[in-house]
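Asker: below are the sequence and a predicted model for it; my questions follow.
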Amino acid sequence: MLSKQGSTFTTLRKYIFREFSLSLLVAFLFFFFIFAVNQLLLFAQKIILKNVEILSVVKLVALAIPQILLYTLPFSTLSAASMVIGDKSAGNEILALRAAGISLRRIFEVIGALALIMTCLTFFVADVMLPYSHLKFKTLYSELLQDLPTLEIESYAVNTIGDTVLVTGNVEDGIIDTLVLFDTSKGDDQQIITAREGKVTLVNLETFLYRLDVKDPMILNSKSSAMEEYTLAEAESMTFYLDFSSQVTQLTDVKPSQLSSRDLMELIQSRKQDLMKSKEIKNFTLLNMLGKRGDLLRQLSSDKTLLKEIATLDFEILALQKEKEINFYLQYYRSELHKKLALSASCFVLVFITFPLSFMRLKHGRLFGFGLSLFVAACYWFMLFFAQKQVITTAIHPALLVWAPNLFFAVLAFFLLFRRRRL
């Protein structure tokens, strides 16, 4: 009898595993399309227009995928669980299992185990794949900049490079056909350069400094405060230096979200020391102010005019005491560390919101489950985004804010599950 029962549970687990895997694949493709296609196509288009080899484009796109997987995996897991339970509930399969004396725990434990595996996979993506892929991305992009200096300059466009505005014609193989350059780096002194051709050459890859050599330039110098005064000059050639560091670092700089948890913890420790120093300075300032206040009170008996000064000092002391120490980078690094953990754990936590579906009578259960997962995913995303915004403006520990969406949906899921079981 026990052997037969064990065989039944094994068959049930295999069935749920197969259904979950199929739903997970469908949901993964959907969410990957939502998160990835727009960003990847825009990025690929920008690179392809520069005549970059297709192999390099594929590599860059592939290296950008881990960032997308970080959100795709949790929401795909939620959708798969919703579709499976919703479908089985609509088809009365769950009702049949309960009538046969099989506990719903047998279904829940399979989905929970699979969600736990997805949690580990998501953390691996966030803590290993993402830092590694970004490092490779930065290296490859830097190599492309070295081979193709005009990668960051668009054809027939206005390109802002620091304090320089460069209006270009056709850009190909490092050659700019017809250009107008506006240099506003000197404040009141403005310089406008026009030329029929310019060539961009890499000078220093580490600082992203490039040299622009132009032919037959015409240079107009003027002052914004005295537009009637100007000088006009011509030359056979001219060299101008372009600093692309502000543009390129937006793509190649390592953000805290792209660091491993070990690196983040090291940065957190260093920022904790900065916060302690800041608190020591605040306490020292407060002691000095209190000491000055005591001196003024002792002099008050002989000089009544000191009352206003004491009142002002009391106000400053009160304001300083109420002021909470916030270290921006400490809060930022802490939030990114807990975000890795919370997003990974959401694969496991969010599936609990789908369990109450097993006690409901549904029509088109798979479609209903998918719709529910979209709603929950949107709510979770909004709550997490709101929490991240609050992290850098309050002195609350980031863990409380970042983990709040997980806690909210966990409590809601168990409340609904408990209520449904009692009905």
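Answerer: That came through fine.
Asker: quick check: what element follows the helix or strand bottoming out on mean pLDDT in the chain along the chain?
Answerer: Least confident helix or strand, the chain: helix 245-252 with a mean of 55, by mean pLDDT, DSSP states H and E. Proceeding N to C from helix 245-252, the next assigned helix or strand is helix 261-299, under DSSP states H and E.
Asker: show me what that following helix is packed against.
Answerer: Contacts defined by 3 or more CB pairs under 8 Å, 6 or more residues apart in numbering; DSSP states H and E place helix 261-299 against helix 306-322, helix 328-349. All C-beta spots, glycine's among them, are computed from the backbone N, C-alpha and C.
Asker: swap in 10 Å and give it another go.
Answerer: helix 130-147, helix 306-322, helix 328-349 (3 or more CB pairs under 10 Å, 6 or more residues apart in numbering; DSSP states H and E).
Asker: would TSV of those helices with mean neighbour count, mean pLDDT and distance to residue 179 be doable?
Answerer: Formatted as TSV, these follow (neighbours: other CB atoms under 10 Å; pLDDT from 0 to 100; distance: least, CB to CB, whole Å):
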stretch	mean neighbour count	mean pLDDT	distance to residue 179
helix 130-147	17	78	19
helix 306-322	12	71	54
helix 328-349	22	85	40
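Asker: just checking, residue 363 touches residue 90?
Answerer: Yes - Residue 363 is within contact range of residue 90, at 6.1 Å (criterion: CB atoms under 10 Å).
Asker: of these two, who's got more company?
Answerer: residue 90 (20 against 8; other CB atoms under 10 Å).
Asker: tell me how far the closest residue to the more buried one other than its chain neighbours lies from residue 94.
Answerer: Spatial nearest neighbour of residue 90, excluding adjacent residues (CB to CB, 6 or more residues apart in numbering): residue 365 at 2.8 Å. Residue 365 sits 10 Å away from residue 94, going by CB to CB, to the nearest Å.
Asker: then residue 143?
Answerer: From residue 143 to residue 94 the distance is 56 Å (CB to CB).
Asker: residues contacting residue 292?
Answerer: Residue 292 makes contact with 309, 310, 313, 317, according to CB atoms under 10 Å, 6 or more residues apart in numbering.
Asker: do residue 32 as well
Answerer: So residue 32 contacts 40, 65, 68, 69, 71, 72, 73, 75, 76 (CB under 10 Å, 6+ apart).
Asker: nearest to residue 392, out of these: which one, please.
Answerer: Closest approach to residue 392 among those (CB to CB): residue 71, at 20.7 Å.
Asker: what's the burial count for that closest one?
Answerer: Residue 71: 21 neighbours (other CB under 10 Å).
Asker: state the pLDDT value of it.
Answerer: The model reports residue 71 with a pLDDT of 84.
Asker: now it: closest residue in space that isn't a chain neighbour?
Answerer: residue 35 (5.7 Å).
Asker: what about the one you found, which SS state?
Answerer: Assigned with DSSP: H, G, I helix; E, B strand; the rest coil, residue 35 falls in the helix class.
Asker: per-domain residue ranges of this protein.
Answerer: The record's domain parsing of the chain by automatic domain parsing lists 2-146+337-422, 153-252, 262-330.
Asker: can you give me the helices in the chain?
Answerer: 2-48, 54-63, 65-90, 93-99, 105-124, 130-147, 245-252, 261-299, 306-322, 328-349, 365-391, 398-402, 404-422 (DSSP state H).
Asker: per-residue pLDDT, residue 409?
Answerer: Per-residue confidence (pLDDT) for residue 409: 91.
Asker: what's the neighbour count on it?
Answerer: Applying other CB under 10 Å, I find that residue 409 has 21 neighbouring residues.
Asker: that one touches residue 373, doesn't it?
Answerer: No - proximity of residue 409 to residue 373 does not meet the contact threshold set by CB under 10 Å, at 11.8 Å.
Asker: where do the contact lists of the two overlap?
Answerer: 78, 350, 351, 353.
Asker: ok, those vs residue 200, which is closest?
Answerer: Of the shared contacts of residue 409 and residue 373, the one sitting nearest to residue 200 (CB to CB) turns out to be residue 78, at 48.1 Å.
Asker: in contact with the closest one, which residues are there?
Answerer: 27, 31, 115, 118, 346-347, 349-354, 369-370, 372-374, 376-377, 380, 409.
Asker: change it to 7 Å
Answerer: 350, 351, 373, 376, 377 (CB atoms under 7 Å, 6 or more residues apart in numbering).
Asker: separation between the last one and residue 140?
Answerer: Counting by CB to CB, the gap between residue 377 and residue 140 amounts to 32 Å.
Asker: the third one now?
Answerer: According to CB to CB, residue 373 stands 35 Å off from residue 140.
Asker: which one of the domains of the chain is the most hemmed in?
Answerer: With neighbours defined as mean count of other CB atoms under 10 Å, the domains of the chain peak in mean count at domain 2-146+337-422, which reaches a mean of 18.
Asker: low-confidence stretches in the stretch 251-400 of the chain?
Answerer: Judged by pLDDT under 70, the stretch 251-400 of the chain has its weakly predicted residues at 251-255, 257, 296, 298, 300-307, 320-327, 362.
Asker: surely residue 23 meets residue 82?
Answerer: No - using CB atoms under 7 Å, residue 23 is not in contact with residue 82, being 8.4 Å away.
Asker: mean confidence for stretch 107-115?
Answerer: Rounded mean pLDDT across stretch 107-115 is 87.
Asker: who touches it?
Answerer: By CB under 7 Å, 6+ apart, stretch 107-115 touches 13, 16, 17, 20, 77, 81, 84, 347, 348, 351, 355.
Asker: quick one: the closest residue to residue 412 other than its chain neighbours and residue 346, what's the gap?
Answerer: Of all residues not flanking residue 412 in the chain, residue 353 sits nearest, at 6.6 Å (CB to CB, 6+ apart). To residue 346, residue 353 is 11 Å away according to CB to CB.
Asker: before we move on, what about residue 143?
Answerer: If you go by CB to CB, the gap between residue 143 and residue 346 works out to 36 Å.
Asker: then residue 388?
Answerer: Residue 388 is 14 Å from residue 346, by CB to CB.
Asker: who are the contact partners of residue 106?
Answerer: By CB under 7 Å, 6+ apart, the residues touching residue 106 are 9, 12.
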